[in-house]
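Peer 1: Please work out how this folds:
(one chain, ligands or ions: 1)
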Amino acid sequence: MNKPLENSTFVIFGATGNLARTKLLPSLYHLDMENQLPEGIKILGVGRRISDRQAWIEELENDLKGKVRGGLDKKLFKNFCEKLEFFNGGLRETANYQLLSEFLQQAQFSRNISFYFSLPPTLYGSVVTHLGKAGLLKEDQGWRRVVVEKPFGNNLESAIDLQRHFDKYLKETQIFRIDHYLGKETVQNVQVFRFANLLLEPLWNRNYIDHVQITHSETIGVGSRGSYYDEAGALRDMIQSHLLQLLSLVAMEPPVSMQAEDLRNEKVKLLRSISPIPKNAVSSYAFHAQYSSGIVNGEKVKGYIEEEGIPEDSVCETYAAVKLHIDNWRWRDVPFYLRTGKRLAEKRSMIAICFRQPPKQFFRTSQLEKFQPNWLLIGIQPDETLRMELTVKKPGLDMKTQTISLDTCLNEDTSKDAYEGLLLDVLEGDHTLFLRADEVLQSWKIVDPIIRYWDSQTDYIPTYAAGSWGPEESLRLFEKEGQAWRSSLNPEKNR
Ligand SMILES: NC(=O)c1ccc[n+]([C@@H]2O[C@H](COP(=O)([O-])OP(=O)(O)OC[C@H]3O[C@@H](n4cnc5c(N)ncnc54)[C@H](OP(=O)(O)O)[C@@H]3O)[C@@H](O)[C@H]2O)c1
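Peer 2: Below is the predicted model:
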């Protein structure tokens with residue numbers, strides 16, 4: 001049995017915002033429902049839009065109704081509300097930190113405190129500085145932790161600058177940089193799959209793997225997050241963080257142990273082995289585009305520049321594809337293709353590993369015919385699945401072949417949100433699934449040449465029709481003729 005958690009106070013900055021309402025508070029409710037929260041925990045919401053605790057609870061009741069497993073239970077909700085407190089105040093005003101500090105002196109609040117930054121990223125540096133100056137990050141009376149959402153910085157330079165603010169008032173062990181992708185069941189399964197099964201290890205290298213594709217596609221557009229998204233774009237929003245994390249889990253060497261630091265050391269080592277993208281050849285390694293109007297799931301949808309909050313001359317990318325090489329013993333010359341986009345044909349996150357062809361093609365009937373290579377597909381969402389494609393003989397008198405697949409669904413119950421486990425990890429002080437400073441900075445370093453090049457291209461961006469699988473031109477990233485993006489789990493449906 002796990003050790004009972006130490007009592008603590010969980011402060012949510014930005015408790016009135018989208019992330020807190022749709023993810024953090026439902027996850028905390030679920031943890032409470034399952035008796036996973038520490039006895040005596042207080043959850044302190046901080047925001048400006050809502051005036052007091054009562055108003056927060058009323059809004060929360062509405063928010064939780066449609067979201068929690070099994071429907072909102074009156075008794076459980078009442079129990080949960082007993083843990084809630086609210087502090088109204090802006091975080092740009094220095095005086096509010098003194099007031100917050102006094103508020104937290106009340107006996108009901110444990111001196112072990114987590115501060116969750118569910119805030120506009122532009123506030124992170126100043127909030128840390130204010131908390132530090134108000135003495136709220138000192139650990140003399142209990143531990144202090146800061147949980148920070150992505151993006152950590154907007155490019156390499158700003159991430160380094162932000163880290164300086166954090167270094168001034170915090171030790172690395174106090175910081176939890178969240179990437180909620182790492183909390184997903186299947187993402188964690190990549191490690192188990194790789195390191196608990198000897199079967200694949202001999203094949204997991206340049207001798208047998210032709211290339212690896214990592215895709216995150218969405219059918220939704222930018223919605224109401226237009227002004228945030230237009231500053232970020234697909235590369236910063238998805239590739240710098242989530243997709244590079246997936247890549248490092250797929251490609252890293254076995255760690256010394258599954259302890260946080262050993263794991264993070266291996267991920268950083270892998271990221272450091274990625275060959276830098278040459279500044280003068282970015283377009284051979286990266287491709288970007290923006291969605292125009294089209295049809296998604298049978299419905300006509302607007303183009304990106306017609307969306308709310310988007311300037312009509314925006315050249316922000318909603319699609320990004322990048323080719324990376326890992327210059328190490330295991331992976332030299334194996335391309336890793338990363339792709340993400342909004343308003344694509346299907347919502348899907350998938351790792352697709354394409355194996356090399358056998359040295360001799362025995363079973364083909366014509367010179368032109370080629371075997372389908374073996375693929376190993378790891379579906380992350382919506383299907384949490386593992387699929388291995390093999391070539392077998394078609395039943396019948398002729399020696400004809402067909403592709404079959406060995407499949408398994410890894411998780412029938414997808415109702416558990418990644419945030420539930422991650423919040424629990426913060427309360428336990430377990431850093432395994434959180435990013436270390438050097439990891440984040442190295443990820444920015446990898447995409448930095450692309451950011452600089454795309455930022456300089458201010459007058460044109462290619463487009464793709466909403467509802468398609470993105471621009472055909474991105475196929476030029478592939479190194480071998482005939483290779484293409486793997487978009488579906490089903491080989492017949494691909495492209
Ligand atoms: N939403 C998601 O699904 C998602 C996913 C991944 C990462 N994130 C990250 O999570 C963070 C929050 O995102 P969000 O979508 O929740 O944004 P949001 O809906 O705009 O909420 C921002 C929150 O920040 C508060 N805030 C803003 N300025 C403030 C100030 N000066 N003083 C005090 N509070 C202030 C707002 O409170 P008031 O309105 O009460 O002032 C609001 O609660 C961002 O860093 C985002 O990148 C979000």
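
Peer 1: now the helices for the stretch 1-150 of the chain?
Peer 2: Assigned by DSSP state H, counting those that start in this stretch, the stretch 1-150 of the chain shows helices spanning 18-19, 25-33, 53-65, 74-81, 94-104, 124-133.

Peer 1: what residues are up against the residue of the stretch 251-400 of the chain found nearest the ligand?
Peer 2: In the stretch 251-400 of the chain, the residue that lies nearest the ligand is Gly309 (12.2 Å; C-beta to the nearest ligand atom). C-beta coordinates here come from the backbone N, C-alpha and C atoms, glycine included. For Gly309, the contact set (C-beta atoms under 8 Å, 6 or more residues apart in numbering) comprises 224, 226-227, 230.

Peer 1: Next, the distance between the ends of stretch 459-474.
Peer 2: Using C-alpha to C-alpha, to the nearest Å, the end-to-end distance of stretch 459-474 comes to 19 Å.

Peer 1: what's the pLDDT at Trp367?
Peer 2: Residue 367: Gln, not Trp. On pLDDT, Gln367 comes in at 59.

Peer 1: show me the residues around the residue of the chain found nearest the ligand that make contact.
Peer 2: Taking C-beta to the nearest ligand atom, the ligand has its nearest neighbour within the chain at Gly17, 2.1 Å off. Gly17 is in contact with 47, 118-119, counting by C-beta under 8 Å, 6+ apart.

Peer 1: Of these, which is the nearest to Lys370?
Peer 2: Ser118 (50.7 Å; C-beta to C-beta).

Peer 1: how many neighbours does the closest residue to Val334 other than its chain neighbours have?
Peer 2: Spatial nearest neighbour of Val334, excluding adjacent residues (C-beta to C-beta, 6 or more residues apart in numbering): Arg206 at 5.0 Å. Other residues within reach of Arg206, judged by other C-beta atoms under 10 Å, total 15.

Peer 1: Assign a three-state SS to the residue lying farthest from the centre of the chain, would you?
Peer 2: Relative to the centre of the chain, the most outlying C-alpha is that of Leu397, 49.4 Å out, by C-alpha atoms, centre = their mean. Each residue gets one of three states, and Leu397 gets coil by DSSP: H, G, I helix; E, B strand; the rest coil.

Peer 1: returning to what we had before: take the contacts of Gly309 and lay them out in TSV including distance to the ligand, neighbour count and pLDDT.
Peer 2: As requested, these are exported to TSV (distance: C-beta to the nearest ligand atom, whole Å; neighbours: other C-beta atoms under 10 Å; pLDDT from 0 to 100):
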residue	distance to the ligand	neighbour count	pLDDT
Ser224	9	11	84
Gly226	12	18	88
Ser227	10	12	85
Asp230	13	19	94
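
Peer 1: Val147 contacts Tyr116, correct?
Peer 2: Yes - with contacts counted by C-beta atoms under 8 Å, Val147 reaches Tyr116, the gap being 4.5 Å.

Peer 1: what sits in contact with each of these two?
Peer 2: In terms of C-beta under 8 Å, 6+ apart, Val147 and Tyr116 are both contacted by the residues Val426.

Peer 1: if we can go back for a sec, tell me which of the helices of the stretch 1-150 of the chain sits most buried.
Peer 2: Greatest average neighbour count among the helices of the stretch 1-150 of the chain goes to helix 25-33 (a mean of 22), per mean count of other C-beta atoms under 10 Å.

Peer 1: is it true that Cys354 lies in a helix?
Peer 2: No - looking at Cys354 with three-state DSSP, it is strand, so not inside a helix.

Peer 1: Could you list the low-pLDDT ranges of this protein?
Peer 2: 1-2, 366-369, 492-495 (pLDDT under 70).

Peer 1: Could you pick out the residues of the stretch 1-150 of the chain near the ligand for me?
Peer 2: 14, 16-20, 47-49, 90-92, 118-121, 123, 149-150 (C-beta under 6 Å from any ligand atom).

Peer 1: So which of these sit within strands?
Peer 2: Members of these lying in strands (criterion: DSSP state E): Gly47.

Peer 1: tell me which element Leu246 falls in.
Peer 2: Leu246 belongs to helix 244-251 when elements are defined using DSSP states H and E.

Peer 1: for Leu406, that is, sorry about that
Peer 2: Using DSSP H and E, Leu406 falls in strand 401-409.

Peer 1: swap in Tyr291?
Peer 2: Counting by DSSP H and E, Tyr291 is part of strand 286-292.

Peer 1: quick one: contacts for Lys138?
Peer 2: Neighbours of Lys138 in contact, by C-beta under 8 Å, 6+ apart: Arg144.

Peer 1: do Trp56 as well
Peer 2: Contacts of Trp56 by C-beta under 8 Å, 6+ apart are 15-16, 45, 47, 50, 84, 86.
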